[in-house]
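Trainee: fold the stuff below for me.
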Amino acid sequence: MSELTPKQKAVLAVKEMQSRLRGMESEPIAVVGIGCRFPGGANNSETFWNLLRDGVDAITEVPPERWDIDAFYDPDLASPNTMNTRWGGFIKGMDEFDHGFFGISRREAGSIDPQQRHLLETAWEAFEDAGMAPDQLAGSATGVFIGMSSWDYSLLQKEAPSRGATGIALSIAANRLSYFFDLRGPSMVVDSACSSSLTAVDLACQSLRNRITDTALAGGANALLFPYLTVALAQAGMLAPDGRCKTFDESANGFVRCEGCGVVVLKRLSDALRDRHEIIGLICGTAVNQDGRSNGLTAPNGLAQQSLIRQALKNAGVQPRQIGYLEAHGTGTALGDVVEVESLWAAIGEGRGPEQNCFMGSVKTNIGHPEAAAGVAGLIKVLMCLKHEEIPPHLHLKQINPKLKLDGRLRISTSRREWRRSEEPRFAGVSSFGFGGTNAHAVVREAPVRAEVQSSVDRPLHLLTLSARSKRALEALIDRYVAHLAKSTGDTLTDICYTANAGRSHLEYRLAIWAASTEQLRERLRMEDRADYPWRQRGTAGTERNTKVVFWFAAGDGGRPGCDEIYRTQPTFRKALDDCDWLLPEKSPRDLAFATQYATAKMWLSWGVKPAKVGGQGVGELVASCIAGGYEVNEALRSLAEGAARPDLRLGSLEFAISAERPADAVPAIEIGTEVPSWETLLTQLATLYVKGAAIDWRAFDGDYERRRVSLPTYPFERARCWLDRSELRSLPGPFAKVGE
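Mentor: This is a model prediction of the structure:
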């Protein structure tokens, strides 16, 4: 470098900067959390996977609480305001919401579109699934990108909506999430019809790669609450009379509408690895384009779809032949299926050898078409396929449409098929097309294999904390953990406790249990509370006075008996003790007492337990003064050696106040003596502090050890009916000609 001219150095610097920028632009985006609700009781990603894996058809007749299907149904569409289908995919409990959890009155919650309410709950679940405590996101550069395109709830209302229409405005669906979680990144709703949610994912990935956001929440929602749009689609000939998406079948004659809500939590791969997330899959590249002027506004453009997929592959740095599975848009229309298959194969068939097969399917054959949430439904399906190393069956395929002209290497699997990891990484494509011509595609890769790293030292016991807004919800959460721990997930006790402690918001009603094994933890979760069970503590986060902690340092001239186990297994304690040993010229009993108490206090401080007051007797007074900031540790040890009197004790001027009086029983006190406590005692003290509401830094508590986040049960919401009053609802006695009469 020294021999280069200034101009040459400048050119080299520019090239290095361009290289770094290219690396940033191409960095994969990690999916670290999922929250979803789809028909068929699919209320999280695993139950959704079970539905897909088992080939479940989740379509039912229109429930009577939605609309009177007999009043609107006409198989021949003879009347202008009728529908020729009785079917749909519906989510149970659409009228229910845990309004108290989100600080919303029941009355106000009744005026909020269920799409917004579902997004609040699934967003909370997605953050928990990612092992991210929702309350710790406040003020962060987290973006929210939501796809929505329907406003049925507003159509149900007889009068103009209240509260400035915040309950039904599409924009507020994203903004309410940012408001509730106090997120400071971009916040927007995307409406590109059926491609809305995958377009939202594309925008989220761009925001992450451009370093605008550090975390992004992306997805979409759809609800079927009013028959207007169903009638319009039926009259346009878009809906299947039998209520099934028969994608790729020769009998394909339209789609069936369904509800759905799905969101994913996204981070840059490097950040996800740094933060020890369990990565579900990687989004390597996305693309969005438009059909332009096709044969009609709603007619697909095959060339535009080909261009879209090629651009997504280019953005991902993936060769077409590497794609092993395609999640098609697949609404099941005679025209749409043919155009899509031809476009897909034209793009991903390039350079593919004779044995390089690609499988294809569509989630719509299971649940119907969730419209604005369709893209994220397909994305979640692909992520689950990669995670479980299996392709689920594609339904309702009796005879392949002969117009598809399938290449033998492009296959539709009608039964479960293994899709195992191998030396080559697995890739999949996800397509989502809007009926107005906006197309989106994502290239997804399997998650990197997790390196099993174990700490060279670790605690022999581990503490699990659970909390909820109510006693009943806490009991439900305990039940969820008992059931989860009965499964063979392969997760270690250390990672389970770390995720539950550091990856959850800590609410009022609390439980803390320490155990030596997963099985012991499960058994202790099932037991009742008893005063003689030190390893099981329950309580309610108390007043501010009850959460202020006091450190009380005992007098004593003893050594440091019983510290061997803590010394071996707690690095912060060991370092503090070693520092004192190095500074001590001699090892008198008083010196050793000081060192033991000081190291124990430093350990508590490293866990985020900061006392509002410190006090002590004898040697303990000097330790208290040192912790309060009156002395540096080397000064305190020198003062101890010189036998300094107590008008000489420096009290410090930091946040701590020193006292020679023992603390009142109403205030949590940690008594630190010359004998180092056992892990049983330490975790019992920590559990007691936690259930009383003391602030604890759970990340720091495990900061000295190797940990990773794992998937654990999410919060059990306590839902109640939140709906418009009958007097506020529009009457629907029959076809639209009679509405309002």
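Trainee: any idea how far residue 94 is from residue 260?
Mentor: Applying CB to CB, to the nearest Å, the value for residue 260 to residue 94 is 11 Å. Quick note: C-beta positions are derived from backbone N, CA and C, even for glycine.
Trainee: who has more neighbours, the two?
Mentor: residue 260 (32 against 21; other CB atoms under 10 Å).
Trainee: got phi/psi on the residue nearest to residue 457 when sequence neighbours are not counted?
Mentor: Spatial nearest neighbour of residue 457, excluding adjacent residues (CB to CB, 6 or more residues apart in numbering): residue 569 at 5.3 Å. The phi and psi values for residue 569, taken as degrees, to the nearest 10, are phi -110, psi 0.
Trainee: before we move on, what about the one 4 residues further on?
Mentor: Backbone torsions for residue 573, taken as degrees, to the nearest 10, come to phi -60, psi -50.
Trainee: ok so, going back, hmm, residue 461 and the residue nearest to residue 457 touching each other?
Mentor: No. The criterion here is CB atoms under 8 Å, and residue 569 misses it with residue 461 at 9.7 Å.
Trainee: who touches both of these two?
Mentor: residue 679 (CB atoms under 8 Å, 6 or more residues apart in numbering).
Trainee: mind listing what residue 689 touches?
Mentor: By CB under 8 Å, 6+ apart, the contact set of residue 689 is 549, 609, 668, 670, 696.
Trainee: and it, what helix or strand is that in?
Mentor: helix 679-691 (DSSP states H and E).
Trainee: CA atoms of stretch 450-468 as PDB?
Mentor: Provided in PDB are the C-alpha atoms of stretch 450-468 (Å, rounded to 0.1, in the frame of the first residue of the first chain):
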ATOM      1  CA  ARG A 450     -26.600 -25.800  13.400                       C
ATOM      2  CA  ALA A 451     -23.300 -26.500  14.900                       C
ATOM      3  CA  GLU A 452     -23.700 -28.200  18.200                       C
ATOM      4  CA  VAL A 453     -21.500 -26.200  20.500                       C
ATOM      5  CA  GLN A 454     -21.400 -27.000  24.200                       C
ATOM      6  CA  SER A 455     -20.000 -24.800  27.000                       C
ATOM      7  CA  SER A 456     -16.700 -26.000  28.400                       C
ATOM      8  CA  VAL A 457     -18.200 -25.300  31.800                       C
ATOM      9  CA  ASP A 458     -21.900 -25.000  32.800                       C
ATOM     10  CA  ARG A 459     -24.200 -24.900  35.800                       C
ATOM     11  CA  PRO A 460     -25.400 -28.200  37.100                       C
ATOM     12  CA  LEU A 461     -28.900 -26.700  37.600                       C
ATOM     13  CA  HIS A 462     -31.000 -24.500  35.400                       C
ATOM     14  CA  LEU A 463     -33.900 -22.100  36.000                       C
ATOM     15  CA  LEU A 464     -37.100 -21.800  33.900                       C
ATOM     16  CA  THR A 465     -39.400 -18.800  34.200                       C
ATOM     17  CA  LEU A 466     -42.900 -18.600  33.000                       C
ATOM     18  CA  SER A 467     -45.300 -15.600  33.200                       C
ATOM     19  CA  ALA A 468     -48.800 -14.500  32.100                       C
END
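Trainee: could I get the buried residue list for it?
Mentor: Buried residues in stretch 450-468, counting neighbours by 16 or more other CB atoms under 10 Å, are found at 458, 459, 461, 462, 463, 464, 465, 466, 467, 468.
Trainee: now pLDDT and secondary structure too, for those residues, in CSV please.
Mentor: Formatted as CSV, these follow (pLDDT from 0 to 100; DSSP: H, G, I helix; E, B strand; the rest coil):
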residue, pLDDT, secondary structure
458, 94, coil
459, 95, coil
461, 97, coil
462, 98, strand
463, 98, strand
464, 98, strand
465, 98, strand
466, 98, strand
467, 97, strand
468, 97, strand
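Trainee: that older thread, so of the contacts of residue 689, which ones are in strands?
Mentor: Counted as lying in strands by DSSP state E, out of these, are 549, 670.
Trainee: residue 475: which of the contacts of residue 689 is nearest?
Mentor: Minimum distance to residue 475 across those is 23.0 Å, recorded for residue 696 (CB to CB).
Trainee: burial count for the closest one?
Mentor: Applying other CB under 10 Å, we find 21 residues neighbouring residue 696.
Trainee: so what's the nearest residue to residue 626 once chain neighbours are set aside up against?
Mentor: Nearest residue to residue 626, sequence neighbours excluded (CB to CB, 6+ apart): residue 636, at 4.3 Å. Residues counted as contacts of residue 636 (CB under 8 Å, 6+ apart) are 594, 598, 622, 623, 625, 626.
Trainee: mind listing what's buried along the host helix or strand of residue 636?
Mentor: If you go by DSSP H and E, residue 636 is part of helix 633-642. The neighbour-count check on helix 633-642 (16+ other CB under 10 Å) flags 633, 636, 637, 639, 640 as buried.
Trainee: need the contacts of residue 636 in TSV (columns: distance to residue 613).
Mentor: Listed next are the contacts of residue 636 as TSV, based on distance: CB to CB, whole Å:
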residue	distance to residue 613
594	20
598	18
622	16
623	14
625	13
626	15
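Trainee: who wins for neighbours among these?
Mentor: Top of the contacts of residue 636 by neighbour count (other CB under 10 Å): residue 623, with 29 neighbours.
Trainee: that one belongs to a helix?
Mentor: Yes. Residue 623: assigned to a helix according to DSSP: H, G, I helix; E, B strand; the rest coil.
Trainee: doesn't residue 595 make contact with it?
Mentor: No. The pair residue 623 / residue 595 is not scored as a contact, 9.3 Å apart, by CB under 8 Å.
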